[in-house]
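Colleague: Mind folding the following:
(one chain, ligands or ions: 2)
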Amino acid sequence: MLDARSGPRKEFDRPDTDSPDLVVDGGRAGEAVGAGALSVEVPGDKSVSHRALLAALLPGAPEVLTVRNANLGGAVRALLPAMRALGVAVDADGGTLTVRRGALPVPQQVRPHPGVTGWPEGVPYLETGGSSAAARLLIGVLAGSGTAAVVDGDEVLRHRPMDWLVDPLAELGADIAYLGEDGCLPVWVKGPVFRPGRTVELRVGSAQARSGVLLAVAAAGLPATVRHPVRSRDHTERMLASFGGVLDEGDHELGWGGGAFTVPEVIDVPADPSLAAYPVAAHLLWGDGGTLRVPGVCLNPTRTGFFEVLRRAGADIAYEYGNGGTEGGRPRGGEPVGTVVVRGGLEQAGPVRVDEPWLLHALIDEVPLLAVVAARLPGTSWIGCAQELRFKETDRLTTTARMAGAFGARVEVAADGLTVRGGAPLRAGVVPGFEDHRIAMAAATLAGCLPGRTTVRGGACHRTSFPDFADVQRAVGARIAKDPL
Ligand SMILES: O=C(O)C1=C[C@@H](OP(=O)(O)O)[C@@H](O)[C@H](O)C1
Ligand SMILES: C=C(OP(=O)(O)O)C(=O)O
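Modeller: Ligands and ions are numbered 1, 2, ... in the order given. Next up is the predicted model:
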């Protein structure tokens, strides 16, 4: 499925010195032990927040768009300077983002690139830091709206594949040039998609790639069919449908008719299931009994794989829906919403198994966490269909195995997944976080159930997606001695 151009990354290691360390003492804080019923809230969904913000650039968007309960981690914030450079003012107040069109553009500074000598003149330069969702979705919107711009990212993002998206956009007529290395950022979006009635075939399950194409054809009003290998997270489809856009869904196929839609003035973002997974995992790993509830969570089945897999393995995880899945009466970004309810621990649970592509994609960001939970389960677990994990901010198959291995876990890396042999004695200590938020948060969560002190190197990188990770984990009983934020 992944061709040579998107082949193995040259490097996966990153300096583990950028962020300060996170220090975790094992054991559950006294007041949380056997507390009976705990409830914690987690931030808004990162993926829905990115899409909601970019909706402000679509035709049919209001002059002022309000995004409520947005995720304000580094990955979403990374999109804001790029939007400002396009003449869109964005103000943050708590979790509410107010997005105004028609402001004076605030240019971004160009990040030097060893392979680029001349940057195009008179074209906005848009840099989205380390967030590939921000870059890929933005490229799609620009290629649909006919806005010429250069899209770039930080040194890590410059190594991640953009051809997954650029190739299908080029088939639809978009003129997009690589300014540095082929297939990678920076790219120059020169001309829009314009060829109607085409069918494009995506070669990866990446929802970012599919969403980039969908946003392009939606912004251009271009009838098109998108074929895809896996039905990964469908937030873009749901969002466009909630705006009144018409999508026909077939087997591995999506049809966009080219019709108009209207972006509402307010978009509400549900809580992020990939962040709810950390307090849920911590609660399960301690096994002190009692019930944990996480309300307002996006329960879109393309996102709930972590809960699903643990439930299949024997954990007691349930969902409560109020008001037909909208909890509070308002649909949030077109997403089903409910409360995740976890009872007890992992005493009855066996190994986990992920061997269907849709399921892997429904927990793609939770793989490091699932691997450390599997290390505490009996038997041999398998997390497969995961080849795309090699293209995240680190090669997450390798970094997960190395992080878990530093605790003493037995995790073997295959080309497309991880085997975790449960039952090995685990110990606290100094473990790498690889400047990758998902690796660092998984490590800190496992550390909570091991006696002794663990230092997660560079662990403060959790702010990329979950700025208040330490506070939320403390609320369920974690003893995080040091979170330097
Ligand atoms: O569409 C999105 O917002 C995302 C999709 C996933 O990436 P891929 O679509 O590349 O798998 C996920 O890992 C990322 O955190 C956010
Ligand atoms: C992989 C992630 O995001 P992105 O691909 O946008 O960097 C993530 O949040 O785990």
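
Colleague: closest point of the stretch 1-150 of the chain to ligand 1, which residue?
Modeller: Nearest to ligand 1, among the residues of the stretch 1-150 of the chain, is residue 47, at 3.2 Å (CB to the nearest ligand atom). Yep, even glycine has a C-beta here, placed from its N, CA and C like the rest.

Colleague: Not counting its own residues, what contacts stretch 109-116?
Modeller: 119, 125, 127, 152, 154, 158, 179-181, 186 (CB atoms under 8 Å, 6 or more residues apart in numbering).

Colleague: any idea which helix or strand carries the residue of the stretch 1-150 of the chain closest to ligand 1?
Modeller: Element membership of residue 47, judged by DSSP states H and E, is helix 46-54.

Colleague: At the contact with ligand 2, which residues of the stretch 51-200 of the chain appear?
Modeller: Contact residues, the stretch 51-200 of the chain versus ligand 2 (CB under 6 Å from any ligand atom): 75, 131-133.

Colleague: Report the buried members of these.
Modeller: Among these, those scoring as buried are 75, 131-133 (criterion: 16 or more other CB atoms under 10 Å).

Colleague: Dump the residues of the stretch 51-200 of the chain next to ligand 2 into JSON lines; add pLDDT and distance to residue 82 as well.
Modeller: Formatted as JSON lines, those follow (pLDDT from 0 to 100; distance: CB to CB, whole Å):
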{"residue": "75", "pLDDT": "98", "distance to residue 82": "13"}
{"residue": "131", "pLDDT": "98", "distance to residue 82": "10"}
{"residue": "132", "pLDDT": "98", "distance to residue 82": "13"}
{"residue": "133", "pLDDT": "98", "distance to residue 82": "12"}
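
Colleague: Dump stretch 237-253 to CSV, restricted to CA.
Modeller: In CSV, the C-alpha atoms belonging to stretch 237-253 read as follows (Å, rounded to 0.1, in the frame of the first residue of the first chain):
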residue,chain,number,x,y,z
GLU,A,237,-17.4,13.9,5.7
ARG,A,238,-19.6,14.5,8.8
MET,A,239,-18.7,18.2,8.9
LEU,A,240,-19.5,18.8,5.2
ALA,A,241,-22.8,16.9,5.6
SER,A,242,-23.7,19.0,8.7
PHE,A,243,-23.1,22.1,6.5
GLY,A,244,-25.7,20.8,4.0
GLY,A,245,-23.2,19.3,1.5
VAL,A,246,-24.2,16.1,-0.3
LEU,A,247,-21.9,13.1,-0.2
ASP,A,248,-22.7,9.7,-1.6
GLU,A,249,-21.0,6.9,0.2
GLY,A,250,-20.3,3.6,-1.5
ASP,A,251,-18.0,0.7,-0.9
HIS,A,252,-14.5,2.3,-0.4
GLU,A,253,-15.8,5.2,-2.3
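
Colleague: what angle separates the helix or strand where residue 135 lies from helix 46-54?
Modeller: Assigned by DSSP H and E, residue 135 belongs to helix 132-145. On the basis of axes from the mean of the first three to the mean of the last three CA atoms, to 10 degrees, helix 132-145 is oriented at 30 degrees to helix 46-54.

Colleague: Contact partners for residue 321?
Modeller: The neighbourhood of residue 321, defined by CB under 8 Å, 6+ apart, consists of 299, 327, 336-339.

Colleague: Quick check: the farthest pair among those?
Modeller: Greatest spacing in these, by CB to CB: 336 and 339 (11.9 Å).

Colleague: quick one, what contacts residue 256?
Modeller: When contacts are counted by CB under 8 Å, 6+ apart, residue 256 touches 214, 217-218, 222-226, 245-247.

Colleague: Now that we have those, which of them are buried?
Modeller: Listed as buried from those are 214, 217-218, 222, 224-226, 245, 247; burial here means 16+ other CB under 10 Å.

Colleague: quick one: which of those residues is nearest to ligand 2?
Modeller: residue 214 (16.5 Å).

Colleague: C-terminal to the one helix or strand the closest one maps to, what's the next element?
Modeller: Residue 214 belongs to helix 207-220 when assigned by DSSP H and E. Downstream of helix 207-220, the first helix or strand assigned by DSSP H and E is strand 224-227.

Colleague: Just the C-alphas of that next one, formatted as CSV.
Modeller: The C-alpha coordinates for strand 224-227 follow below in CSV (Å, rounded to 0.1, in the frame of the first residue of the first chain):
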residue,chain,number,x,y,z
ALA,A,224,-15.4,14.0,-8.0
THR,A,225,-15.2,10.5,-6.7
VAL,A,226,-12.6,9.5,-4.1
ARG,A,227,-11.7,5.9,-3.7
